[in-house]
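Peer 1: This is the structure alone, sequence omitted:
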């Protein structure tokens, strides 16, 4: 008999339903990671004098994260018959591979040389599951296991060391007998701890002040934007605005901005205020092609759906995971935007058309492919129709429409209009821009972010138009706006912070930890968030910049490509942060002063 272990109960049910009765299989599931790695018990207590010792740890202890799954699988494996075979059917990515390794460890605890297989699929469609069963692999992808394990070890060591440093330094000199943090293991604190701050940064010295090589640079982006806003000095400027009418159509035209002062602006205005006509100096139209969207990556989906739904990226990714596990979409964690050769477009086409009740002009796919391929998953696509409601429907519909727009629709085109005019009196030049959609193309199916039309009437050079009104407008330059979540995700990807599988968690984590709040759906740092960045940035920019983390991401890719071993990569990554930690400890009073002032 086969013992199949999936990563989610719904995926396990899909596998069970897909396998024919002739295959004797017991299908079980876990709930994510079964095991955690942790520091040695000698470093259990939080003490400043042992913070540096954390970076020297290379032997980790395993702890049970999911005791229910651990007990269940241990019992099943203990009662295996000699001819029973394990099939690892966890998610087909690096973290799924590590979870599969945890399952294998439990299996090998009972059957030292027990044979096993790895089952890989990118959707829970019955045909794909059967295909995956027919091509079972005889081993895990050990490079993926090493890559995921490296990340866990690196995040544990650096997160533990710097979180203890920041938390304990914020408590220096405080008279308290509260030993909660000194007797709590670091893994539990980092994963489950939250700041007790009320958004104003005060917590009487009891808050967990966490640090992470992805989390902290993300916070720094928010703080840097806040500094730009605080330091912004508005400048007054003026411009002439005229309401123009031609052939019954009205539109606005404006002069160039004038920074020479109010007196100069008034002189210009007085020269043209009584003008009732304007001459057309220039009018041109130019067509611009808007290419249909590329096949869908995780990062693209999260940025778009944050804008469309107003929900957080972490929440949307959970919804996508749920739609995947229930068989409505393919695997949602992917950095691929090109379809593989031989991809079967018929199934997702049928799912999209039936789920949307729409039609397309052509049923022969002509996908516009991108250049990215993560080597593990295809782009995200619909697998079966979803007829539910609420956020799940919004997410599924977006994915289905994106698939159709990419593979079964044409490009769109927009005509850009530009007019240059001059007032008859005063000869002040005015400018107007407009646009209209010439060919809707894929927007007929995928109406998200469709350009707004602001059409100008067609004008003839040297002709005259009527000026309905003309005014002098005073304005001020404006500071940049705070970052929305979609903008923050885009900045994170551009700077290499996190991966398609992890990026969504950090904006929500900053809110949870009390480092930022959301004001009108835009991120604003709290006093605590600013204090953390100022304390670290004042010592070395690498503590808050994305550059050091980029190096870690490169090392993970090198592990995956077989260019470096896990242990060597960990030593190289830790060396940089170990040096920075020593510098922080030497300046502990500076850090403490900054944090305690928050």
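Peer 2: That came in fine, so what should we check first? Note that the structure is predicted; figures quoted are calculated from it, not measured. Numbering: from 1, shown residues only.

Peer 1: Contacts only, for the nearest residue to residue 87 once chain neighbours are set aside.
Peer 2: Once flanking residues are discounted, residue 87 sits nearest to residue 4: 4.4 Å by Cβ to Cβ, 6 or more residues apart in numbering. To be clear about C-beta, it is placed using only N, CA and C from the backbone, and glycine gets the same treatment. When contacts are counted by Cβ atoms under 8 Å, 6 or more residues apart in numbering, residue 4 touches 12, 15, 25, 26, 27, 28, 87, 89, 119.

Peer 1: again, only this time at 6 Å
Peer 2: Contacts for residue 4 were tallied using Cβ atoms under 6 Å, 6 or more residues apart in numbering; they are 15, 25, 27, 87, 89.

Peer 1: That one: which element?
Peer 2: Per DSSP states H and E: residue 4 is located in strand 2-6.

Peer 1: following that strand, which helix or strand comes up?
Peer 2: By DSSP H and E, the next helix or strand past strand 2-6 is helix 9-18.

Peer 1: Please point out which parts of the helix or strand just after that next one sit buried.
Peer 2: Later in the chain than helix 9-18, the nearest helix or strand by DSSP H and E is strand 25-29. Of all the residues in strand 25-29, those buried under the rule 16 or more other Cβ atoms under 10 Å are 25, 27, 28, 29.

Peer 1: And for stretch 309-329?
Peer 2: By 16+ other Cβ under 10 Å, the buried positions in stretch 309-329 come out as 311-314, 316-317, 319-329.

Peer 1: Inside helices: which ones of those residues?
Peer 2: 313, 314, 316, 317, 319, 320, 321, 322, 323, 324, 325 (DSSP state H).

Peer 1: So the last one versus residue 163, what's the distance?
Peer 2: According to Cβ to Cβ, to the nearest Å, residue 325 and residue 163 sit 32 Å apart.

Peer 1: can you check the fourth one too?
Peer 2: Between residue 317 and residue 163 the distance is 24 Å, computed by Cβ to Cβ.

Peer 1: quick one: the lengthiest helix in the chain to chain centroid distance?
Peer 2: The residue-count maximum for a helix in the chain (DSSP H) belongs to helix 142-169. Per Cα atoms, centre = their mean, to the nearest Å, the displacement of helix 142-169 from the mean C-alpha position of its chain is 20 Å.

Peer 1: For that helix, list every residue counted as buried.
Peer 2: Those would be 143-151, 153-169, for helix 142-169 by 16+ other Cβ under 10 Å.

Peer 1: can you give me the strands in the stretch 101-250 of the chain?
Peer 2: 116-118, 236-246, 249-254 (DSSP state E, counting those that start in this stretch).

Peer 1: among those, which is nearest residue 338?
Peer 2: strand 116-118 (24.7 Å; Cβ to Cβ).

Peer 1: What helices and strands are in contact with the closest one?
Peer 2: If contacts are counted by 3 or more Cβ pairs under 6 Å, 6 or more residues apart in numbering; DSSP states H and E, strand 116-118 sits against strand 85-89.

Peer 1: by how many degrees do the strand it packs on and strand 25-29 diverge?
Peer 2: Angle of strand 85-89 versus strand 25-29, following axes from the mean of the first three to the mean of the last three Cα atoms, to 10 degrees, is 40 degrees.

Peer 1: So which elements touch strand 85-89?
Peer 2: strand 2-6, helix 94-110, strand 116-118.

Peer 1: what do you get if the cut-off is 8 Å, keeping everything else the same?
Peer 2: strand 2-6, helix 9-18, helix 94-110, strand 116-118 (3 or more Cβ pairs under 8 Å, 6 or more residues apart in numbering; DSSP states H and E).
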